[in-house]
Each structure stands twice: as C-alpha cells, then as structure tokens.
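Student: Give me a 3D structure for the following:
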Amino acid sequence: MSTIYEVAKLAGVSPATVSRVFNNVGVSAEKAAAVREAARQLDFTPNRTARSLRRQASEVVALVIPDIENPHFTEMARGVEDVASEAGYSVVLCNSDSQVAKEDTYLRIAISEQMAGVIIAAASSETSLDQVLATGRPVVAVDRASGYDVDGVVMANRSAGQAATENLLDAGYRRIACVTGPESIETAAQRAQGWRAVMARRAPELDLDELLVYSSFQVNGGREAMERFLALPEPPEAVVAGNNLLGVGTIQVLTERGLTPPRVGVAVIGSLPFTTLSPSVVSVVRLPAREMGVTAARMLLDRIGGDTQPARTVVLRGELQPAQQPPAP
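Tutor: You can find the predicted model right below:
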C-alpha cells in the first residue's frame, strides 16, 4: 500500500499538503491537481478514520525523550524536527528524565492539545501508551521498544555490544568489563548480552558476573562502575561502556588514576560527546541517532496520512570506529 509520504514525493509537495488536499483544506489548484494525480498513479486511498482524526488534530507532534542533556537524544531530535518541519509540522520536545510519571503527564498533554501523533523513547518498561493509543493517534517508538504493537526504530544493540567487545579482544586485551544502563531497559540489557556472548566464547575462564555492572545511563554511572572495577582484586584490562555518557564517566576515572587509554582499553557504544582525550585512543561504535529521528518522523507522518499497514520495526546498525593506537604492552 502506498503512503502519504510517497504521494508527497511524487507530487513534489509536503505530506501536510497531501493531507490538506484530502481533507478539503485550501491549497492551490495546481498543488491539488498534482497531489490527486500522484495519488491516482500510486493507487493511494486515504484512511477514513485517520482523515476524521486528522481534522481534529493540530499540525503538531510530540517527541518524548528520557534525557535532553544526552547528545544522542538531541541528535535524534534534530532528525525528527528536520523531517517534521519540511512536512509542515511543529515538534514539541518533552524531557521525561526517565520518570514514568513525568512521561505520562506529557502523553496526557499530547492528547489534550490534540497533537497529531507521538514519537517516544520510553522511560522504562513501565511506560503506558494505553491512553494515547485509545484516541487513535499514531505512536512511533524510538531507541527502545515500547511493548506495544506500534511502529519502532531501534538500534542493533546486541551487535553493537559484540562489536565493541570483539574490538578490544582483537587489540590484545583479555579481561574486559562492561558497564551499561538499567537492566530493565532493553537497550542496556541487549548491549550487555552482546558483550557477554563474545566474552563467554573467547574468554570462558573469566567470571563475567563480577565484570558486569548495570547502572544509570549517566556520567556518574560510568564513574561509579569504574571505581568498582578498579577495586576488584584483579581489575579489568579494558571496559565496554554501554552508552556515550557512561564512556565519559569511565574515562574520567581512568584519567584521574593515571590509567588513561590505551593503558586500560575503552570501547564506547555511542559517540563521545566530550572528552579531553584524543578520540584515536578510544574505540567507538557510532550510532546513527539522527537517522533514527528521520526514520521515526517519516513513519509517523505516514501513519498520520492514513497508512494502515501492520506495525513494523526498523533496525539500524552502528559503525565501529576502532582506536588507532595499539594498547600498551
């Protein structure tokens, strides 16, 4: 089935213009003709229920994220805003601070303000989308699954954890620890699973439980985990950091202890937002955050325009950027 985004592309207009044409909202005769001809060529038929809802909704979408200070989410937000703006929509950015209650407040506001749809990176596994979905408004989950039958855009988290770990092992490190986010967040759990799978295969003699810490996805979480690792009778030779901020905290502690990489190896899942080190001494699995936002926004616009195909999930893969300097002997 063709989507409103495809009709807009063929007609050379925005998805919002396509929506206006089928909702009998004033646009130029030239644009209306182009839209209707594109729809005819693509055999596009707008969904009646979506059209009815669209008449009541504003040209505003909500983007709910757990941490506005994390550059990963701000980069993702930029992708959402770029696509939405081009389509004639405004984006309201909502920071949940990973708090379900605060997140729920924003979802209620999205309903009361008649927003056209929601893109959400769920605060936790306890996130509820029941009320917003009951209104018929479309929802797209980003970065992590929502537990609901809605469209989603996620990273290949397990493979990111595997790539980071393999890189450190290939560089000559053996005893490799992992710090990741809360175990209840699938992003964190899957990255740890990737680390564990590789370590169990290539270093089966190690006690992996003592080398894994679930923490917050914050700088302090990385600091606390690194302090804990260094207090072990046999500290790790290297660390996989489950996100960018954990990587910053890990590197801060190592630098303070005179163990700056590559003396202790570090591989970070997600681009480092700030560090006093040369990026060449740290391996990074770069995550396409902006692409995630772009993809999610396009999926949401399709749903707003009447797309009724079954929910689908797009999985994006990270790109390994290995450290350029060899580890110390």
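Student: what comes up buried for the helix or strand that Leu301 is a member of?
Tutor: Taking DSSP states H and E as the criterion, Leu301 maps to helix 289-304. Within helix 289-304, the residues that qualify as buried are 289-290, 292-304, counting by 16 or more other C-beta atoms under 10 Å. From N, CA and C alone the C-beta is placed, and that goes for glycine too.
Student: Quick check: mean pLDDT of that helix?
Tutor: The average pLDDT for helix 289-304 rounds to 95.
Student: need the helices for the stretch 101-250 of the chain, in chain order.
Tutor: Using DSSP state H, counting those that start in this stretch, the helices of the stretch 101-250 of the chain run over residues 130-134, 157-170, 186-202, 219-230, 244-256.
Student: Make TSV out of those and add mean pLDDT.
Tutor: Listed next are the helices of the stretch 101-250 of the chain as TSV, based on pLDDT from 0 to 100:
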stretch	mean pLDDT
helix 130-134	92
helix 157-170	97
helix 186-202	97
helix 219-230	97
helix 244-256	95
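Student: Select, out of those, the one closest to Glu103.
Tutor: helix 130-134 (10.9 Å; C-beta to C-beta).
Student: Tell me how far Ser283 lies from Glu86.
Tutor: For Ser283, the distance to Glu86 (C-beta to C-beta, to the nearest Å) stands at 35 Å.
Student: try Ser280
Tutor: 36 Å.
Student: so where is this protein shaky, pLDDT-wise?
Tutor: 1-2, 16, 23-26, 46-57, 274-279, 325-329 (pLDDT under 70).
Student: Domain parsing of it, as residue ranges.
Tutor: 4-46, 56-155+289-317, 157-287 (automatic domain parsing).
Student: roughly how far out does the shortest one sit from the chain middle?
Tutor: Relative to its chain's centre, domain 4-46 lies at 31 Å (C-alpha atoms, centre = their mean, to the nearest Å).
Student: tell me the contacts of the spatially closest residue to Tyr214 that is not a sequence neighbour?
Tutor: Sequence neighbours aside, Glu183 is the residue nearest to Tyr214 in space, at 4.4 Å (criterion: C-beta to C-beta, 6 or more residues apart in numbering). Residues counted as contacts of Glu183 (C-beta atoms under 8 Å, 6 or more residues apart in numbering) are Ala189, Ala192, Tyr214.
Student: One more: Trp195?
Tutor: Counting by C-beta under 8 Å, 6+ apart, Trp195 touches Gly161, Gln162, Ala164, Thr165, Ile176, Cys178, Thr180, Leu212, Val240.
Student: export these to a markdown table and tack on neighbour count?
Tutor: Listed next are these as a markdown table, based on neighbours: other C-beta atoms under 10 Å:
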| residue | neighbour count |
| --- | --- |
| Gly161 | 29 |
| Gln162 | 22 |
| Ala164 | 31 |
| Thr165 | 26 |
| Ile176 | 25 |
| Cys178 | 30 |
| Thr180 | 30 |
| Leu212 | 19 |
| Val240 | 36 |
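Student: can you redo the residues you listed as JSON lines with distance to Ser146?
Tutor: As requested, those are exported to JSON lines (distance: C-beta to C-beta, whole Å):
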{"residue": "Gly161", "distance to Ser146": "21"}
{"residue": "Gln162", "distance to Ser146": "25"}
{"residue": "Ala164", "distance to Ser146": "26"}
{"residue": "Thr165", "distance to Ser146": "28"}
{"residue": "Ile176", "distance to Ser146": "32"}
{"residue": "Cys178", "distance to Ser146": "25"}
{"residue": "Thr180", "distance to Ser146": "20"}
{"residue": "Leu212", "distance to Ser146": "26"}
{"residue": "Val240", "distance to Ser146": "26"}
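Student: Determine which two of the residues you listed are furthest apart.
Tutor: Farthest pair in the contacts of Trp195, by C-beta to C-beta: Gln162 and Leu212, 14.7 Å.
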